[in-house]
Structure formats: structure tokens, C-alpha cells
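>>> I would like the atomic coordinates for the input below:
(one chain, ligands or ions: 1)
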Amino acid sequence: MDLRQAIVTVVSGALLVLAVAAGAQEHPPALGHAAPPRPDGTPGAETPGATPGTSRTPPPAAVEGMIERGAYLVKIAGCKDCHTPSRQGPDGPEPDPTRLLSGHPQDLRLPPPPASSEAWPTSISASNTAFAGSWGVVYATNLTPHRETGIGSWTEELFLETMRTGRHGGSGRELLPPMPWRNVAVLTDDDLSSIFRYLTSVPPVENRVPEPVPATTPGARLAAER
Ligand code: HEC
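Reported below is the predicted structural model:
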């Protein structure tokens, strides 16, 4: 492993640990839809129509601004680190710009994850999109606006609901680690809406990400139990 690869591995590992730690938080505060209070204690900003469930139709210039802010937030929140597959570049692994935010590649067949141990409980695939741990194996989803395989048919309200509740599709099963939804959940309505606007502005990529494999299936269970 060269130095750059080693750094990428260490950084990804640190990200995962942070995300897993966030995921392990047992009793997260109940989050409503209102923006969190400001540091001075006054209620958070509520722009007109900012509450999920109401339709928001900001003017085009405002939408442009939201997309720009969304791109900035997605960058610092590291969404692309997990949701864009890595490819081998001249200087080592790098996110593949042709598959931006399209999630774990549907045609990538992986062998069972390596045995996990108490000291090294989780594994990340070379694509940086598949994560094995005590929960089984989970795959980063397609966040592009492709209608059938991405979030193209999602409403903004559904996106906010999902990020706030940590539930698949807003009300389904709990999202598995390392998706750091508890961190994302504290963003204001406006920030989450901006992220949604940005995500729906990137090129749609057709890619049907596999469902997670629970730890009860032989390969994953072995890895989780060892
Ligand atoms: C550390 C890796 C990681 C990071 C960082 C990350 N995600 Fe995820 N995300 C995942 C994984 C893995 C899943 C699949 C979880 C599952 O299927 O239970 C996921 C699932 C999702 C889903 C799908 C929810 C659903 O109901 O299907 C959305 C939306 C999402 N992430 C948005 C984001 C956004 C927006 C960011 C940045 C603010 C982000 N993610 C950052 C790993 C990550």
C-alpha cells in the first residue's frame, strides 16, 4: 500500500468510526421539523413555507442559491465519500466523477467481508460504498435524481422526513450505520432543502443499489460473530 492509499484508508476508517459512533448513540433527542434554536436561545429561522408538508416554490434565483449552498454542505458533510464509488486514479483511489453520488455499483460483486474482530469490527469495500459490521452488510444508496433507482421520485418533504427520523423512506426500517443521519438531522430545514435541491441537480445515474444483507445470513453473521 502506498502512502496515499494508506492515508485514504485511515481517513475513511476515521469517517466510519465517527459515523458508527454517531449511529451508536442510544437515545437521540426527539427532533421535530422546526429549525433548531439559535445559540442565543431564540427559536430557529422559519422561512415562509419551510415546514415539510407544505409546498415550496422559491423563485429561480433563490433555487440557484440553494443548489450552491447544497453543494457546499454536501462537500463538508462528506456525503460523496460514501455515496460515490471510488476508482483507481493515477494517485490512488478517488471518487469516480462519472458515477457521482450514484451509490454502490449494482454490477460490483464482492466476496464475503473479512472476519471481524473486537479490535477491528468493521470493513469497508475498496469502492468505499459497502460497509460490513455487526449489522451485516449495507450499501450506500443512489442519491442521484434517477427516477427508478435514485431519489428522482422523492419529494423534498420525504427527504427531510428521512433525514430527521433516520427511517428508510421517512417511516420504514431504521437506516443502518455508517449513514450519519443523526448528524445530518440537526441541520435546519433550509439546509436540508438546499442539500435536496443540489442532489436533484446532479446528472441522474441508473444504478439499483442492493438491499442491505442482515447479519443473519451466513457470510455476514460469521463476520459479525467472530
Ligand atoms: C460514512 C458513510 C456515509 C456518509 C458520510 C453519508 N452516507 Fe448516506 N448512507 C450511507 C449508507 C451506507 C446508506 C444506506 C443505509 C441503509 O440502507 O440502511 C445511506 C443512506 C442514505 C439515504 C437513503 C435513505 C433511504 O431512505 O433510503 C440518503 C437519502 C442519504 N444516505 C443521504 C446522505 C446525505 C445527504 C449525506 C451527507 C449529508 C450522507 N448520506 C452521508 C452512508 C453514508
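>>> got the residues of the chain near the ligand?
Taking CB under 6 Å from any ligand atom as the contact definition, the chain meets the ligand at 15-16, 19, 74, 77-79, 81-83, 131, 138, 140-141, 143, 162, 168-169, 175-176, 178-180, 184, 195, 212. All C-beta atoms are positioned from the backbone trio N, CA, C, and that covers glycine.
>>> Using ChimeraX, define a selection of the buried residues within the residues you listed.
In ChimeraX, a selection of the buried entries from these looks like this (16 or more other CB atoms under 10 Å):
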select :15,16,19,74,78,79,81,82,83,131,138,140,141,143,162,175,176,178,179,180,184,195,212
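>>> Show the low-confidence segments of the chain, by residue range.
The chain contains residues with pLDDT under 70 at 1-56, 216-226.
>>> Going along the chain, name the helices of it.
For the chain, the helices defined by DSSP state H cover 3-24, 60-77, 79-83, 156-165, 181-184, 189-199, 218-225.
>>> tell me which residues in the fifth one are buried?
Neighbour-count burial for helix 181-184, with 16+ other CB under 10 Å as criterion, is recorded at 181-184.
>>> I'd like to know which of these is nearest to the ligand.
Closest approach to the ligand among the buried residues of helix 181-184 (CB to the nearest ligand atom): V184, at 4.6 Å.
>>> Surely that closest one is in contact with T162?
No - using CB atoms under 8 Å, V184 makes no contact with T162, being 9.5 Å away.
>>> ok, and the closest non-adjacent residue to M163?
Once flanking residues are discounted, M163 sits nearest to V184: 4.9 Å by CB to CB, 6 or more residues apart in numbering.
>>> contacting residues for the one you found?
Going by CB atoms under 8 Å, 6 or more residues apart in numbering, V184 touches 77, 163, 192.
>>> For the first one, give me its contacts.
Residues touching A77, when contacts are defined by CB under 8 Å, 6+ apart, comprise 180, 183-184, 195.
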